[in-house]
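In: Sequence below, structure please.
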Amino acid sequence: AVEPFTVQVMPIAAPGYIGDIVVPAQVTHNDTIFSITTFADYAFANNNQLTSLDFQCPIVFLSYKTFRGSENLTQIKFPATLAVIEPCAFWGCISLHEIIIHPDNSNFVSVDGVFYNKTMTMLYKYPPARIDDDFEIPATVDTIRSYAFNYCNGLDSLVIPDHVTVVGEYSFGNTRNLKYLDLGNGIPYFGQAMINGSQDLLTIRLGDSFSALNGYDFNHCPKLMNIYVSETNSNLKDIDGVLFSKDGSVLLRYPVARENYNIPYGVNSIGRSAFSGCRNMKSVNIPGSIVTINNGVFSDCDSLKSIEIPNSVRNIYSSAFARCYLLESASIGNGLDSIGTSIFSGCNSLRSVWFCAGIPPKHSGTNLGGAIDTIYVISGSVEAYQDDTFWGQYVVSGVENCSVQFIAPSNQVTTSVYPNPADSQITIYVSDRSEVIFKIYNLTGKCILSQLIQNEFTLNIDWLNTGLYIYTIEQNNRIYSGKLFKN
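Out: Numbers count the residues shown, from 1 in each chain. This next block holds a predicted model:
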């Protein structure tokens, strides 16, 4: 032939290509010369026998499917002709420690095994297995490409300089050993799933430019303890490592590795997925300033056993408590106007819920979710709930006392009742040593105990039958109520 024939590199049957593979520019078969110009999908992908690839053929384009998932691949050499490589081409190549670019390539360059565009304004790929505690992003770089540090396991910490203004999706996803990440002052927002799956990340700092994010931006970072924000950021702030809007009215994200939390009074809204995945959190106190609980706020809080929503809350959005598998008790105050779809989806330990609103709240979807079969409402509203198609699918039981109130901050007293559940006695603690009235009600609303207490008081409850009770703490015409479980 006048011109050489061309061929495509194909995948081969298991175990596939083994060891160090050199892809030549040409191959000869039956005295005919063939040029290698393209690669079939998954030609070298998901191959744990492959240790290095040397592309000596004049390829121009490489798909993300070419060698992804080859976990023992340690080195890749690209030719002078390479012009385009798709973003997640290196996905799952966790042993890769060096990327080498032919010096005559006019599109890309490698420096100490790190892959950049030719002008070094974009960092394409940091090899996941490259270990360098002193690595610094070059001063020329303004963009970190999608998946650039994905699966990286060789960095303990990284500070992104202020001249970087764009960070792509999944850029720090699935990292190991990365404990501290400072995003600098130039980045305005997270790329999609930017840190998703960063298994060892303990602390992240957001700089001056950050303006928008969601709670789910921090998903699957199981060790995250602190989210810090630059003091000069005009949109966000942190309070002891918890992320809020600048004015403190919206709680945006609670670090997932933390445990129990008292939300500060003055917060009006809990942002989408703000507590999602907080698997160590057994209790959370929601103040009487909260009006809105957004989508998925407490989803996947595996250890949460009870929740009390104060009278101030007007709206609870879809899947707010989804997959809280241990949730056994839920009380929602009398101010509720509407609920979203399946707010208790997957809560298979939850059999009943208290809804204290006199008028049945507006609803979306077909049910509350979970294993709920009974709802408790104020006695005078039983018929209204039963007549509503949505609420009427449940057993509606009336109670005389149904309210979830909190002491206002102007006269705030810290109180606690413990242990709860309890066997034979409980302790009621009042922080300011003032006198309060402690009452216990049964589920019919009858007061079965009223006790004046001060400071710290231990009460014998051995006489109570096993079951659920309501308690109230009254002081200065303000009332805090909760549930008491007697074992």
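
In: Please count neighbours and contacts with C-alpha atoms only from this point.
Out: Fine.

In: Can you verify my assumption that Arg279 contacts Asp302?
Out: Yes - counting by CA atoms under 8 Å, Arg279 touches Asp302, with 4.9 Å between them.

In: Now do stretch 422-440: everything it contacts.
Out: 413-420, 447-462, 469-475, 484-487 (CA atoms under 8 Å, 6 or more residues apart in numbering).

In: which of those residues count as buried?
Out: 413, 415, 417, 453-454, 469-475, 484-486 (16 or more other CA atoms under 10 Å).

In: so what pLDDT did Ile479 get?
Out: Model confidence at Ile479, given as pLDDT, is 63.

In: Correction: the previous question concerned Tyr216.
Out: In this model, Tyr216 carries a pLDDT of 68.

In: Low-confidence stretches in this protein?
Out: 1-7, 14, 214-216, 403, 405-415, 431-433, 443-445, 476-481 (pLDDT under 70).

In: Just list the residues touching the residue most central in space within it, thanks.
Out: Among the residues of the chain, the one closest to the centroid is Asn219, at 2.6 Å (CA atoms, centre = their mean). When contacts are counted by CA under 8 Å, 6+ apart, Asn219 is found next to Ala193, Ile195, Asn196, Gly197, Ser276, Gly277.

In: swap in Ile12?
Out: Ala43 are the contacts of Ile12 under CA under 8 Å, 6+ apart.

In: And it, how far from Asp41?
Out: Using CA to CA, to the nearest Å, we find Ile12 at a distance of 12 Å from Asp41.

In: cool, and Lys223?
Out: From Lys223 to Asp41 the distance is 36 Å (CA to CA).

In: May I have the beta-bridge partners of the nearest residue to Gly467 once chain neighbours are set aside?
Out: Leaving aside its sequence neighbours, Gly467 sits nearest to Lys486 (CA to CA, 6 or more residues apart in numbering; 5.3 Å). Taking DSSP bridges as the rule, Lys486 bridges to Ala422, Gly467.

In: Tell me who's in contact with Lys486.
Out: Asn420, Pro421, Ala422, Asp423, Leu464, Asn465, Thr466, Gly467, Leu468, Tyr469.

In: In CSV: those, plus distance to Lys77.
Out: Shown next, in CSV, are the contacts of Lys486 (distance: CA to CA, whole Å):
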residue, distance to Lys77
Asn420, 63
Pro421, 63
Ala422, 66
Asp423, 68
Leu464, 75
Asn465, 74
Thr466, 71
Gly467, 69
Leu468, 68
Tyr469, 70
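
In: what about Tyr385, helix or strand, and which?
Out: Assigned by DSSP states H and E, Tyr385 belongs to helix 382-387.

In: Now the element after that helix, going C-ward?
Out: Criterion used, DSSP H and E; the element after helix 382-387 is strand 395-399.

In: after that next one, next one along is what?
Out: strand 415-418.

In: how far out from the middle of the chain is the helix or strand just after that next one?
Out: Next helix or strand after strand 415-418 toward the C-terminus (DSSP H and E): strand 425-430. Relative to its parent chain, strand 425-430 has a centroid offset of 35 Å by CA atoms, centre = their mean, to the nearest Å.

In: So which bits of strand 425-430 are buried?
Out: Ile426, Thr427, Ile428, Tyr429, Val430.

In: Stretch 224-231 too?
Out: Neighbour-count burial for stretch 224-231 [16+ other CA under 10 Å]: Leu224, Met225, Asn226, Ile227, Tyr228, Val229, Ser230.

In: distance of the second one from Lys305?
Out: Distance from Met225 to Lys305, counting by CA to CA: 22 Å.

In: likewise Ala322?
Out: The value you get for Ala322 to Lys305, if CA to CA is used, is 13 Å.

In: Mind checking which of these two has more residues around it?
Out: Using other CA atoms under 10 Å as the criterion, Ala322 and Lys305 rank with Ala322 on top: 26 against 18.

In: so the more buried one makes contact with Leu304?
Out: No - Ala322 is not in contact with Leu304 according to CA under 8 Å; the separation is 11.3 Å.

In: contacts for stretch 105-124?
Out: 79-83, 87, 97-103, 125-127, 138, 140-146, 148.

In: for stretch 368-385, same thing?
Out: 341-360, 391-392, 394-402.

In: could you redo the last one with a cut-off of 6 Å?
Out: 342-348, 350-356, 358, 360, 391-392, 394-400, 402 (CA atoms under 6 Å, 6 or more residues apart in numbering).

In: PyMOL command for the buried members of these?
Out: Restricted to buried positions by 16+ other CA under 10 Å, the PyMOL selection for the contacts of stretch 368-385 reads:
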select buried, resi 342+343+344+345+346+347+348+350+351+352+353+354+355+356+358+360+391+394+395+396+397+398+399+400+402
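
In: Mind listing the strands the strand or helix carrying Ile33 pairs with, and their directions?
Out: Using DSSP H and E, Ile33 falls within strand 32-39. Strand 32-39 pairs in its sheet with strand 5-9 (parallel), strand 26-29 (antiparallel), by DSSP bridges.

In: close enough to count as contact, Val313 and Val291?
Out: Yes - applying CA atoms under 6 Å, one finds Val313 in contact with Val291, separated by 4.0 Å.

In: Show me which of those two is the more surrounded one.
Out: Using other CA under 10 Å, the more surrounded residue of Val313 and Val291 is Val313, with 24 against 21.

In: is it fair to say the more buried one lies in a helix?
Out: No - assignment of Val313 by DSSP: H, G, I helix; E, B strand; the rest coil gives coil, placing it outside any helix.

In: Now for it: which residues touch it?
Out: Val313 touches Ile290, Val291, Thr292, Gly335, Leu336, counting by CA under 6 Å, 6+ apart.

In: try Gly154
Out: Ala129, Arg130, Ile131.

In: Now the buried members of the residues you listed.
Out: Using 16+ other CA under 10 Å, the buried ones in the contacts of Gly154 are Ala129, Arg130.

In: Adding distance to Ser379 and secondary structure, write the contacts of Gly154 out as CSV.
Out: Output for the contacts of Gly154, formatted as CSV (distance: CA to CA, whole Å; DSSP: H, G, I helix; E, B strand; the rest coil):
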residue, distance to Ser379, secondary structure
Ala129, 65, coil
Arg130, 67, coil
Ile131, 67, coil
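
In: Kindly reformat the contacts of Gly154 as JSON lines and extend each row with distance to Gln386.
Out: What follows is those, written out as JSON lines (distance: CA to CA, whole Å):
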{"residue": "Ala129", "distance to Gln386": "62"}
{"residue": "Arg130", "distance to Gln386": "64"}
{"residue": "Ile131", "distance to Gln386": "65"}
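
In: who's in contact with the nearest residue to Leu224 once chain neighbours are set aside?
Out: For Leu224, ignoring the flanking residues on the chain, the nearest one in space by CA to CA, 6+ apart is Leu202 at 4.2 Å. With contacts defined as CA under 6 Å, 6+ apart, Leu202 is in contact with Lys179, Lys223, Leu224, Met225.
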